[in-house]
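Asker: Mind looking at a prediction? Sequence and model below.
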Amino acid sequence: MNKKVLFAVLALALAMMACGVPSLPGLTGGPLFQDDFGGFDQNWGTGTDSDSSVEYVNSGLNMQVYQTNYFVWSTPNDEDYTNIHIEVTAQNNSSDPNSAFGVICNQGIPSTNYYYFAVTANGQYAIARGAVAKDDFFMTGNNEWADSDLIPQNAASYQIGADCGNGVLTLYVNGQQVASVNDATYTSGAVGLFTWSDEKNSGANVTFDDFIVTELK
C-alpha cells in the first residue's frame, strides 16, 4: 500500500456523551467517552463527496472510500485525551482485502499530526505516526506493513484495541496484543476512526460500532 495518502478532514462535532459502564481490564474508572452510534446524539463528523463517504448507517458509523490510496477519518469531538485505551468493533464489508481501518489517537494541530493503528483483512497491521509535510512513518515492520497470524483473514468483523499513552503504543486485535512500540512524539490529542483504500476503486467499506475511550492506569 502506498503510504503517500490524500487526507480528507471531516468536520469536528462539539458534543460529548458520558455514560457509566464497568471498567475494562487494565483500565481505571468509567469511560471518558463512548458511543454505540445508535442514539439521537450524532456527534461524529459526517459527509459524502466524490472521494469518500462517512455516514451513520444502521446504528453504526459507515466509511466508504471511492478513490484509490485515500485516507478518510472522523472524530467525535474537540476533546484532548491523554493516556488512554480505545476499543472499537469494525465490521469489514470491503471488497479489497488490502483496505485498512482502525483508530486514531493524539491528533493535534495541524490535524495530520497523530498516531494511528491500522489492520487489514489480509492479516497485516501498522502502528504509525503522521506528521505535517512528511510521509507517514510505520513504527512497526521496518516502516512497512507487517503480517500477523493473530489477525484473522477476511473476517466479518474485528475488535480493535489501542493503548495510547505513557510513551507506549500498543495494538490489540480481538483481545490479543499484536504489536507494541515506544514513542512520545505526541502526548495528547483528539481520538478518531479511519478507513484507508488501496489500489481498488470503491474497495473500502467499513462500519464501526461500540467505540469506547477509557483512561489507562
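Answerer: Received it, and whenever you're ready, just let me know what you need. Just so you know, these numbers come straight off a predicted model, no measurement behind them.
Asker: Can you give me the end-to-end span of stretch 92-106?
Answerer: With CA to CA, to the nearest Å as the measure, stretch 92-106 spans 25 Å from end to end.
Asker: Quick check: mean pLDDT of that stretch?
Answerer: For stretch 92-106, mean pLDDT is 97.
Asker: Stretch 164-171 now?
Answerer: Taken as a whole, stretch 164-171 has a mean pLDDT of 97.
Asker: Kindly report the same for stretch 53-66.
Answerer: The model assigns stretch 53-66 a mean pLDDT of 97.
Asker: likewise stretch 129-144?
Answerer: Average pLDDT, stretch 129-144: 95.
Asker: Please enumerate residues in contact with that stretch?
Answerer: 3-5, 110, 112-116, 125-128, 145-146, 169, 171, 179, 181, 183, 185-186 (CB atoms under 8 Å, 6 or more residues apart in numbering). Quick note: C-beta positions are derived from backbone N, CA and C, even for glycine.
Asker: May I see the ChimeraX selection of the buried members of those?
Answerer: Per 16 or more other CB atoms under 10 Å, the buried members of these correspond to this ChimeraX selection:
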select :3,5,112,113,114,115,116,125,126,127,128,145,146,169,171,179,181,186
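Asker: Relative to residue 125, how far out is residue 179?
Answerer: Here residue 179 is placed at a distance of 7 Å from residue 125 (CB to CB, to the nearest Å).
Asker: Need the overlap of contacts for those two.
Answerer: Joint contacts of residue 179 and residue 125 (CB under 8 Å, 6+ apart) are 140, 146, 148, 171.
Asker: Against residue 131, how distant is the first one?
Answerer: Residue 140 sits 17 Å away from residue 131, going by CB to CB.
Asker: So between these two, which is more surrounded?
Answerer: The residue with more neighbours, out of residue 140 and residue 131, is residue 140; 21 against 14, by other CB atoms under 10 Å.
Asker: quick one: the more buried one and residue 206, what's the gap?
Answerer: Taking CB to CB, one finds residue 140 at 21 Å from residue 206.
Asker: again, but for residue 95
Answerer: 12 Å.
Asker: How about residue 188?
Answerer: 26 Å.
Asker: No further queries at this time; thank you.
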